[in-house]
Structure formats: structure tokens, C-alpha cells
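Visitor: pasting a predicted model and its sequence here:
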Amino acid sequence: YKLSQDRLRSYLNEEVALRYDSSPTAPLPVAGTTGFQAGVAGTTLDVDRAILLIEDALKSPTARTVNLTFNSVTPPRPSMQNLQILLEQTIDASGFDGITELYLLDLQTSQELNFAYQNGTQLQPGIAFTAASTMKIPIMMSVFRRTKEPIPTEIDDMIKLMIERSENDPADRLMERVMDQNLGPLQVTDDLKQLGLENTFLAGYFYVGAPLLQRIQTPANQRTDVDTNPDEYNQTTPLEMGLLLDDLYVCSQSGGGTFAAAFPGEISQAECNTMINYLASNRIGVLIQSGLPDGTRVANKHGWITELDGLLHTIGDAGIIYSPGGNYIMAIYMYHPTQLVFDPANQLVADITRAIYNYFNLSASSS
């Protein structure tokens with residue numbers, strides 16, 4: 001006998017598989033929770049094994065029946081759009097009526113989610129927020145750009161105080177010593193511009209009464225459709241703070257990326273890993289950290305400030321999260337014109353963080 005494997009394969013794919021293959025169903029968000037309903041696995045005909053079994057049956061005078069086998073197809077991760085729906089539902093359920101903007105980056109696939117939301121309405125993302133202490137991430141980057149390895153003990157001590165304890169005085173002293181005594185903040189801003197981040201800047205030192213060195217206009221703070229009353233001394237957007245962390249992550253993995261292109265030979269892979277270690281030592285147990293399982297590695301920096309009226313209006317947190325289901329970056333900023341009460345805001349950030357973690361680790365979160 002003669003057998004054409006190509007014709008047999010074509011028959012199995014075009015006639016048999018179409019009858020029995022089934023597509024998997026992605027998990028769906030469960031309204032009112034931070035979890036997902038389990039997806040349904042699909043099936044696909046094992047064509048290669050079927051060809052072998054059929055050849056054996058054709059050669060046998062008695063064993064003329066073939067039992068086809070199928071492979072299970074794991075349900076795909078829900079779409080980013082479904083995740084956004086869940087996060088918007090989470091914001092609605094919290095009762096928060098201020099502005100929330102989130103940036104999320106999947107470090108395996110480079111998929112992004114960036115949305116802004118208020119009172120059931122989607123806003124155009126790219127809103128200018130007061131950066132507060134999240135600005136210490138770019139300050140640290142600028143310090144490393146200008147400091148040779150190994151980091152001197154005095155510089156190391158000041159970075160730890162700036163990142164781990166979020167103290168402002170060490171941030172000022174670092175800029176004065178490593179950059180320019182008078183114009184250090186503007187050098188940080190210049191570094192950010194070289195990285196292509198046009199909405200993130202530092203226009204003065206942190207100490208009370210510090211002069212405003214330059215009044216900086218950006219596409220974000222010139223918008224007229226939305227206003228968070230951002231501090232004229234330091235501003236950012238969730239997207240840009242997330243992109244800066246992405247630059248840091250890529251550098252830590254390969255030594256390449258935007259840092260290598262913008263600052264060739266000035267920031268090494270080892271230095272990027274050191275910066276991530278500083279951020280991972282920032283253990284405060286609130287905001288992003290409060291929404292993650294114990295033991296999860298997260299390299300993040302939070303920020304908020306009590307303003308002239310004695311109230312809190314803006315809060316932010318940005319970090320790299322290392323999880324079993326994949327590493328990702330999230331940056332979230334919230335604003336309320338009247339008052340942003342810390343406890344419910346902290347709970348909302350925790351719930352959003354938990355939903356995102358569940359999205360990346362569905363096997364442990366599906367119900």
C-alpha cells in the first residue's frame with residue numbers, strides 16, 4: 001500500500017479536527033470582587049499521534065479501530081480590557097469620586113494598560129499629578145549616573161534614607177553633592193528629558209522655602225479638561241513613572257535599554273540591580289504592598305504630601321512587582337479636590353493591586 005501523510009494530515013485537520021476541537025474560554029472578572037471566574041480549557045486533536053495510530057491500523061489485519069487523542073488547551077489570560085472593567089468596578093464599589101489613573105505594563109509581553117477614571121466616566125489618561133516622594137526614583141537614577149562604582153558609603157547612606165525612610169533632606173543633600181548645589185533639581189529634569197519623559201520634572205529642592213528654579217510647562221499640566229492642581233515643584237504622570245521603572249528593569253536584566261542609549265557607559269547593569277534593591281527595601285506595608293501576598297518581591301516608591309490647607313489631596317505609588325505568574329509594573333495616582341482620606345484610599349489601592357496580582361496569577365485566584 002501507499003500512504004500520503006500530507007493528504008492524511010490535511011484530512012485530519014480539515015475534516016476530523018473541526019468536529020471535535022474546542023476553543024478555551026478565558027477567565028472572566030467577578031463583579032464586586034478582585035478575582036476571576038475560572039476559565040474553561042479547550043481541546044485540540046493530536047494530529048501527529050493520530051497519523052501514527054492510523055498507519056498502524058492500516059497495517060494490521062485485525063486492529064482496525066483508532067481511538068484519537070486530544071490535547072488540553074490552557075485557558076488564556078483575560079484581556080487587558082476585561083481587567084480594566086474589573087478595576088473600574090472596584091473603584092465604583094469603593095465610592096471614591098476623585099480622579100484615579102493607572103498604568104500597567106506586562107514585562108513578558110509588553111502589553112500596556114493606561115486609563116483614567118472618575119465617577120463612572122473614563123478620562124483621557126496622561127494627567128499631571130504631584131509626584132511627591134515618587135520623584136525620588138529619578139533622583140536616585142541621576143545620582144547613579146554621576147557616581148562611579150562602588151557607591152561611596154556616605155552616598156549609600158543618604159540613598160537609603162531617601163528611599164527606605166522617604167526622607168527629604170537626604171534627597172536635597174544628594175543633589176547638592178552629586179549634581180549642582182543650586183541647580184541639582186533641574187539636572188534631574190534634564191536627565192528625564194533625555195529619556196523622553198516630558199511630563200516629569202523637579203523644579204526645586206524639597207526643603208521648606210526652597211526657591212522655584214523654573215516654571216515648567218508640560219503637555220500634561222497644560223490640559224484644560226482635567227486639573228489635579230499639581231505641585232509646580234514636581235510633577236509626573238503614571239505612564240512616565242511606569243516607563244522609568246521599565247527602563248530600570250530592562251537595565252537590570254540585560255544592561256541595555258533606554259539607559260544604555262541615553263547614558264552610554266554611565267549606568268551599569270549592576271547599578272540598576274542595586275537601585276532595585278534600594279526600592280525593594282522600602283517596606284511600609286501600605287498602598288501597593290498591602291495588596292500583595294506576603295513574601296512578594298516589590299521594588300516601589302510611594303508618595304503623598306500634606307498641602308497648604310493641611311489636607312491630603314494626592315497619593316501615588318509606583319513599583320516593579322515580581323510574581324510567579326509574571327513580572328509587571330504598575331503606577332497608580334489618585335487625586336481628590338476636597339480631601340483624600342488616607343485609609344479608604346489605601347484600601348482602594350490595595351484592592352486594585354490585588355486584582356492585578358490575581359490577573360497575573362490566575363491559578364491561585366480563580367473561583
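Guide: Yep, it's here.
Visitor: could you confirm residue 83 falls within a helix?
Guide: Yes: counting by DSSP: H, G, I helix; E, B strand; the rest coil, residue 83 is located in a helix.
Visitor: how many neighbours does it have?
Guide: 20 (other Cβ atoms under 10 Å). In short, each C-beta sits where N, CA and C put it, glycine included.
Visitor: quick check: it touching residue 360?
Guide: No: contact criterion Cβ atoms under 8 Å: residue 83 and residue 360 do not qualify, at 9.6 Å.
Visitor: where along the stretch 251-367 of the chain do the helices fall?
Guide: 258-262, 269-280, 342-360, 362-365 (DSSP state H, counting those that start in this stretch).
Visitor: wait, I meant the stretch 1-150 of the chain
Guide: Counting by DSSP H, counting those that start in this stretch, the helices of the stretch 1-150 of the chain are 5-11, 17-20, 47-59, 80-94, 136-145.
Visitor: in a markdown table, list those helices along with distance to residue 327 and mean pLDDT.
Guide: Formatted as a markdown table, these follow (distance: least, Cβ to Cβ, whole Å; pLDDT from 0 to 100):
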| stretch | distance to residue 327 | mean pLDDT |
| --- | --- | --- |
| helix 5-11 | 39 | 94 |
| helix 17-20 | 36 | 91 |
| helix 47-59 | 34 | 93 |
| helix 80-94 | 16 | 94 |
| helix 136-145 | 17 | 98 |
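Visitor: nearest to residue 158, out of those helices?
Guide: helix 136-145 (8.6 Å; Cβ to Cβ).
Visitor: relative to helix 269-280, how tilted is the closest one?
Guide: 150 degrees (axes from the mean of the first three to the mean of the last three Cα atoms, to 10 degrees).
Visitor: what lies in contact with helix 136-145?
Guide: 151, 155, 159, 162-163, 166, 171, 174-175, 178-179, 187-188, 191-192, 200, 202, 241, 244-245, 248, 259, 263, 266-267, 271, 274-275, 278-279, 301, 303, 318 (Cβ atoms under 8 Å, 6 or more residues apart in numbering).
Visitor: can I get stretch 276-292 as PDB, trimmed to CA atoms?
Guide: C-alpha atoms of stretch 276-292 as PDB (Å, rounded to 0.1, in the frame of the first residue of the first chain):
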ATOM      1  CA  ILE A 276      16.000  47.900  42.500                       C
ATOM      2  CA  ASN A 277      17.400  46.500  45.800                       C
ATOM      3  CA  TYR A 278      17.000  50.000  47.400                       C
ATOM      4  CA  LEU A 279      13.400  50.200  46.200                       C
ATOM      5  CA  ALA A 280      12.700  46.700  47.400                       C
ATOM      6  CA  SER A 281      13.900  47.700  50.900                       C
ATOM      7  CA  ASN A 282      11.200  50.400  51.000                       C
ATOM      8  CA  ARG A 283       8.900  48.300  53.300                       C
ATOM      9  CA  ILE A 284       6.000  50.300  54.600                       C
ATOM     10  CA  GLY A 285       3.100  47.800  54.300                       C
ATOM     11  CA  VAL A 286       0.600  50.200  52.700                       C
ATOM     12  CA  LEU A 287      -0.700  51.000  49.200                       C
ATOM     13  CA  ILE A 288       0.700  48.600  46.600                       C
ATOM     14  CA  GLN A 289       2.500  46.500  49.200                       C
ATOM     15  CA  SER A 290      -0.800  46.000  51.200                       C
ATOM     16  CA  GLY A 291      -2.500  44.400  48.200                       C
ATOM     17  CA  LEU A 292       0.200  41.700  47.600                       C
END
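Visitor: which residues does residue 280 contact?
Guide: Counted by Cβ under 8 Å, 6+ apart, residue 280 has contacts 297, 298, 299.
Visitor: these, buried ones only, as a ChimeraX selection?
Guide: Buried residues among the contacts of residue 280 (16 or more other Cβ atoms under 10 Å), as a ChimeraX selection:
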select :298,299
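Visitor: on that earlier part again, distance to residue 17 and mean pLDDT for the helices of the stretch 251-367 of the chain - can I get that in TSV?
Guide: Formatted as TSV, the helices of the stretch 251-367 of the chain follow (distance: least, Cβ to Cβ, whole Å; pLDDT from 0 to 100):
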stretch	distance to residue 17	mean pLDDT
helix 258-262	45	97
helix 269-280	47	98
helix 342-360	31	97
helix 362-365	27	59
